[in-house]
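In: Need coordinates for the following:
(2 chains, ligands or ions: 3)
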Amino acid sequence: MYPFFSRRIFHAIIVLLGVSLLTFVMMNLAPGDPYHLDPELRFNPEAVARWKELRQLDQPLHVQYFSWLKNMLQGDFGISLVHNKPVWELMMERVPATLLLTGTSLLVSLLISIPLGVFSALRKGSFWDQVISSFTLGGVSIPNFWLGMLLILFFSYHFKWLPAAGMRTVGMEFSLLDYLKHLLLPTVVLSVASAAYFIRYVRAGVWEVIQQDYIITARAKGLGDMTILLRHVLRNAALPLITVISLHLPYLFTGAMLTEYVFSWPGMGRWIVSATLSRDYPSVMAINIMVAFLVTLFNLVADLLYASFDPRIKYR
Amino acid sequence: MEKPLLEVKDLAVNFKREEGFFKAVEGISFKIWPREVVGLVGESGSGKTAASLSLLNLTSSRGKVGGEVFFDGVNILTLPERKLKKFRGRQIGVIFQEPMTFLNPVLTIGVQIMEPMVEHWKISWGQARERALYLLSEMGIKDSERRMKEYPHQLSGGIRQRVMISMALACSPRLLIADEPTTALDVTLQYQIIELLRRIREKTPMAILLVSHDLEVVRELCDRVMIMYGGRIVETGGIREIFKDPLHPYTRSLVEVSPSFERVAWRLPGEDAPFSYQSNIPAGCRFQHRCSRVSRECKGAEPSLKEIGGKGWIGNSFSFHRQVRCWKYQEGALEKDEKPL
Ligand SMILES: Nc1ncnc2c1ncn2[C@@H]1O[C@H](COP(=O)(O)OP(=O)(O)O)[C@@H](O)[C@H]1O
Ligand code: SF4
Ligand SMILES: [Mg+2]
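Out: Ligands and ions are numbered 1, 2, ... in the order given. Prediction:
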């Protein structure tokens, strides 16, 4: 177990370094600069030079990268070029909101896709299976932001049932209902695609499992249908699903960014867009590292879950 | 007179396939009396598994079962699934050919042995555990406490098959269907499992339907044997008669090359597996392409399963015990001197 962990952590470090290097290079290759939006700096080369010097942006690129790396390892992600605040603070304000949205969406999409996928597999080829299949096809093809705007148009603008933006009503006291109301639309938008995607895998997985010989054994023992489903089918079908979920997480994060943008959700989504547009280098670096870190972390969790479901797997 | 424990009438299994349907089993009728051990023999692909699984309506959704199966007088194939479940595992236990694929890889063998008892007897897992431990040690498994916590992949083939047998015997069924219980094992293990089955046979009042492609295994254990070819029963009889005096040309070739059945397929002309497509099944006798005694009438119509000789005792019942499906015997048993071969 421990060698497995140290190997995985070693891999994670390599990945994170790679991500940071790639982000750094791409950002510096991309045209544009952090100060072209600032009217005071824009036409004043001397001011720009001073501005750059102050932030050590005048140094050669490799020096910049290594000093960023050194600071990062000490927990210092630098100061945002736009907000003039430590990036770490900006991060801590936004990561929880993103995690809340992605976590809820993951949960909701699993709660939808597992029963529907199981049903589809057990009734393969039936009318309802075909209905579900066409919905999943629709679900994976609908663009996130389009669905988001459509929902806002109907539920917020037209019917005025649900808020269109933010995480809670400004100026209102904390209330769970208010939170849930704000959470509802973005969660729906984000869950549709994931649920559609998961349904296909649950269906395929369950279908595969119910063909197996050990299911005949379970039936030959006279077990009840529910027992067979829960004890014999789902435990086996969970294995590929865990892998699918962990592979899907990066897409979920990307989707969350877009959805947050549409719903003005105070997470990393708006920030990453604005930071990229304004060439806020430290913020972009930090966000990319953070997302990469979260994805690696969840993959590790998925591996552990896998091992706990499948006795044949022993991590060494 | 004692009633048969199992009475099968005109059993048929029809698989739906992409290219159409395939009747893997057709017109099979037989009886098994309490405490009787009956062999069902045929080369692989002859429909043995389809026939034995269909007794409990366990063929996949693609396999449609026809005919009647009376267990203790109840026609179980007409029962709703909910009631049929009460026969599966409780009245009739099943052992499968390949213990590796027929055991659930993610459940401990303890759970897999205990679950039918918990299901049918509504006892607690703790109580079921005691009996599971007892069963495992009866099967000659030492260290049963530890084994209970292990998973199928951690066990050797022989132990896996013993686990399979404990599972089938968990609720003390009155009939055991053993589908090739020794085929997946190597020779020494085969012998041990045969010994084990023999011991079980002596200790319990259970009847056994032993399915095998190995006539020698059947000879070791059975009172009576039914020979299958291409989805049909072609000959039945007491085990000693079958070996001493095989009637059907197929049985004769089997007995000649016994013990190993698979070799027959090599020695006889024609295809390896009897038939795997409906369109391959010829009009007339199904054995005609491989038969050394084939004549014109064999290609016309299919011979029926004809009762031969007099009545005798089967279990506790007095009835015909020798049947053969061949045109050469349609007018009753041939005289000794008329019999070629
Ligand atoms: N699920 C199935 N679908 C279609 N054909 C099947 C299926 N199961 C078995 N068969 C066919 O039925 C025939 C008999 O198979 P089986 O009963 O397994 O033979 P045996 O047990 O004697 O080796 C074979 O030709 C096989 O191809
Ligand atoms: S009926 Fe004819 S072909 Fe068939 S087994 Fe008898 S002799 Fe051979
Ligand atoms: Mg078979």
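In: which stretches of the stretch 1-150 of chain B have low pLDDT?
Out: By pLDDT under 70, the low-scoring segments of the stretch 1-150 of chain B are B:1.
In: Just give me the neighbour total for residue 295.
Out: Picked chain A for this. 19 (other CB atoms under 10 Å in any protein chain shown). In short, each C-beta sits where N, CA and C put it, glycine included.
In: I was thinking of chain B, sorry if that wasn't clear
Out: Counted with other CB under 10 Å, residues neighbouring B:Ser295 total 12.
In: Tell me which residues touch the residue nearest to it when sequence neighbours are not counted, please.
Out: Distance criterion CB to CB, 6 or more residues apart in numbering or on different chains; nearest residue to B:Ser295, sequence neighbours excluded, is B:Trp327 at 7.2 Å. With contact taken as CB atoms under 8 Å, 6 or more residues apart in numbering or on different chains, B:Trp327 is in contact with B:285, B:295, B:297-298, B:303.
In: Report the separation between B:Trp327 and chain A.
Out: For B:Trp327, the distance to chain A equals 38 Å [CB to the nearest CB, to the nearest Å].
In: likewise B:Pro34?
Out: Distance of B:Pro34 to chain A, given as CB to the nearest CB: 21 Å.
In: And chain A, what are its domain boundaries?
Out: As recorded under automatic domain parsing, the domains making up chain A are A:2-73, A:94-309.
In: Make sure B:Phe287 is indeed in a helix.
Out: No - secondary structure of B:Phe287 (DSSP: H, G, I helix; E, B strand; the rest coil): coil, not part of a helix.
In: wait, doesn't it sit right on B:Val234?
Out: Yes - the criterion here is CB atoms under 8 Å, and B:Phe287 meets it with B:Val234 at 6.8 Å.
In: got any residues that touch both of the two?
Out: B:248, B:250, B:326.
In: Between the domains of chain A, which has the poorest mean confidence score?
Out: Ranked by mean pLDDT, these end with domain A:2-73 at the bottom, a mean of 82.
In: then the helix ranked longest in chain B to CSV, C-alphas only?
Out: Longest helix in chain B, counting residues (DSSP state H): helix B:187-203. Taking C-alpha atoms only, helix B:187-203 is exported to CSV below (Å, rounded to 0.1, in the frame of the first residue of the first chain):
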residue,chain,number,x,y,z
VAL,B,187,-7.4,-35.7,-13.2
THR,B,188,-6.4,-36.1,-9.6
LEU,B,189,-8.9,-33.4,-8.5
GLN,B,190,-11.6,-35.0,-10.7
TYR,B,191,-11.1,-38.2,-8.8
GLN,B,192,-11.3,-36.4,-5.4
ILE,B,193,-14.5,-34.6,-6.4
ILE,B,194,-16.0,-37.9,-7.6
GLU,B,195,-15.2,-39.4,-4.3
LEU,B,196,-16.8,-36.5,-2.6
LEU,B,197,-19.9,-36.8,-4.6
ARG,B,198,-20.0,-40.5,-3.8
ARG,B,199,-19.8,-39.8,-0.1
ILE,B,200,-22.5,-37.2,-0.4
ARG,B,201,-24.6,-39.7,-2.3
GLU,B,202,-24.3,-42.2,0.5
LYS,B,203,-24.9,-39.8,3.3
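In: Domain map for chain B?
Out: As given by automatic domain parsing, the domain ranges for chain B are B:6-91+B:173-331, B:104-172.
In: now the ones you listed as JSON lines including distance to ligand 2?
Out: Shown next, in JSON lines, are the domains of chain B (distance: least, CB to the nearest ligand atom, whole Å):
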{"stretch": "domain B:6-91+B:173-331", "distance to ligand 2": "3"}
{"stretch": "domain B:104-172", "distance to ligand 2": "35"}
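In: Nearest to A:Asp310 among these would be which one?
Out: domain B:104-172 (6.1 Å; CB to CB).
In: That closest one spans what distance, first to last residue?
Out: 22 Å (CA to CA, to the nearest Å).
In: Spell out which residues of the stretch 101-250 of chain B are next to chain A.
Out: B:101-108, B:111-112, B:115-116, B:119-120, B:151, B:153, B:167 (CB under 8 Å from any CB of the partner chain).
In: Using neighbour counts, trim those residues to the buried set.
Out: B:101-108, B:111-112, B:115-116, B:119-120, B:151, B:167 (16 or more other CB atoms under 10 Å in any protein chain shown).
In: buried sites along the host helix or strand of B:Gly93?
Out: If you go by DSSP states H and E, B:Gly93 is part of strand B:92-95. The neighbour-count check on strand B:92-95 (16+ other CB under 10 Å) flags B:92-95 as buried.
In: what about that strand and ligand 1, touching?
Out: No - on the criterion CB under 6 Å from any ligand atom, strand B:92-95 is out of touch with ligand 1, staying 13.1 Å away.
In: who touches that strand?
Out: Residues outside strand B:92-95 that contact it (CB under 8 Å, 6+ apart) are A:217, A:220, B:52-53, B:55-56, B:58, B:71, B:88, B:161, B:164-165, B:167-171, B:173-179, B:181.
In: Take those and keep only those in helices.
Out: Those of the contacts of strand B:92-95 lying in helices (DSSP H): A:217, A:220, B:52-53, B:161, B:164-165, B:167-169.
In: burial count for the residue in chain A that ligand 1 sits nearest to?
Out: Nearest to ligand 1 in chain A, going by CB to the nearest ligand atom, is A:Gln211, at a distance of 9.2 Å. Neighbour count for A:Gln211, taken as other CB under 10 Å: 11.
In: what about it, distance to B:Ser61?
Out: 10 Å (CB to CB, to the nearest Å).
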